[in-house]
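*Asks:* show me how the following folds:
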Amino acid sequence: MTDKTKQRLPLTKIYLGSPWFNPAQRARVEAAKAALDANDTVAIVHFPFDWEYHDEVVTEAQMTRLWIDATYQNDLSAMATADCGVFLYDLDDEDPGCAFEIGYLRALHKPVVLVPLAQDLSDKKLNLMLAAGTTTFVASIDALREFNFNHMPSEPDHPFPVF
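*Replies:* Predicted structure coming up:
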């Protein structure tokens with residue numbers, strides 16, 4: 001008889017949220033996608049920038065109302081169909097888009113895994129709404145390789161002071 005309570009199966013669809021505005025942030029996303037790809041409990045990773053409206057990557061000056069609305073709706077749909085969110089949260093350059101997405105996923109009663117990132121984490125503080133809205137904090141991008149997304153733990157111990 002198989003103990004199905006401990007099996008690790010690729011069941012989880014993840015919404016991967018992260019800023020994508022500089023080379024360091026882009027490198028973090030690629031590292032996270034590789035870590036999640038290696039995780040045997042992850043079925044699908046949705047990263048919004050991989051699914052641009054009509055495959056158009058646009059600059060701020062090129063954003064039409066149609067592109068803005070379609071991008072927003074695509075992201076909402078992806079979050080609605082995801083099982084959870086994983087966020088690479090850049091504490092050196094906080095992104096209000098990620099904060100919105102975290103709040104939206106929590107409003108949908110979906111767990112949020114937050115990977116706090118910064119050049120120096122020792123002096124960082126975390127906003128109350130993000131600290132309380134995060135289901136689980138993960139110490140590093142590499143730790144996503146072994147994280148069990150089949151049994152989403154609630155580990156709300158904040159690794160930072162909260163303001």
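*Asks:* show me where this protein has strands.
*Replies:* 12-17, 42-46, 84-90, 112-117, 136-137 (DSSP state E).
*Asks:* which residues are contacting the longest one?
*Replies:* Pointing back at strand 84-90 there. With contacts defined as CB atoms under 8 Å, 6 or more residues apart in numbering, strand 84-90 is touched by 12, 14-19, 25, 28-29, 32, 36, 79, 98, 101-102, 105, 110-118, 130, 135, 141, 144, 149, 152. Every residue, glycine included, has its C-beta placed from N, CA and C.
*Asks:* quick one: buried ones out of the residues you listed?
*Replies:* 12, 14-19, 25, 28-29, 32, 36, 79, 98, 101-102, 105, 110-117, 130, 135, 141, 144, 149, 152 (16 or more other CB atoms under 10 Å).
*Asks:* mind putting the strands of the chain in TSV, mean pLDDT and distance to Gln73 included?
*Replies:* Compiled in TSV, the strands of the chain are given as follows (pLDDT from 0 to 100; distance: least, CB to CB, whole Å):
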stretch	mean pLDDT	distance to Gln73
strand 12-17	98	14
strand 42-46	98	14
strand 84-90	97	17
strand 112-117	97	21
strand 136-137	96	28
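*Asks:* of the ones you listed, which is nearest His54?
*Replies:* Within these, the stretch nearest His54 is strand 42-46; the backing value is 17.2 Å (CB to CB).
*Asks:* tell me where this protein is predicted with low confidence.
*Replies:* Scanning the chain for pLDDT under 70 picks out 1, 56-57.
*Asks:* could you redo the last one with a cut-off of 90?
*Replies:* For the chain, the stretches with pLDDT under 90 are 1-7, 20-21, 49-68, 71, 152-160.
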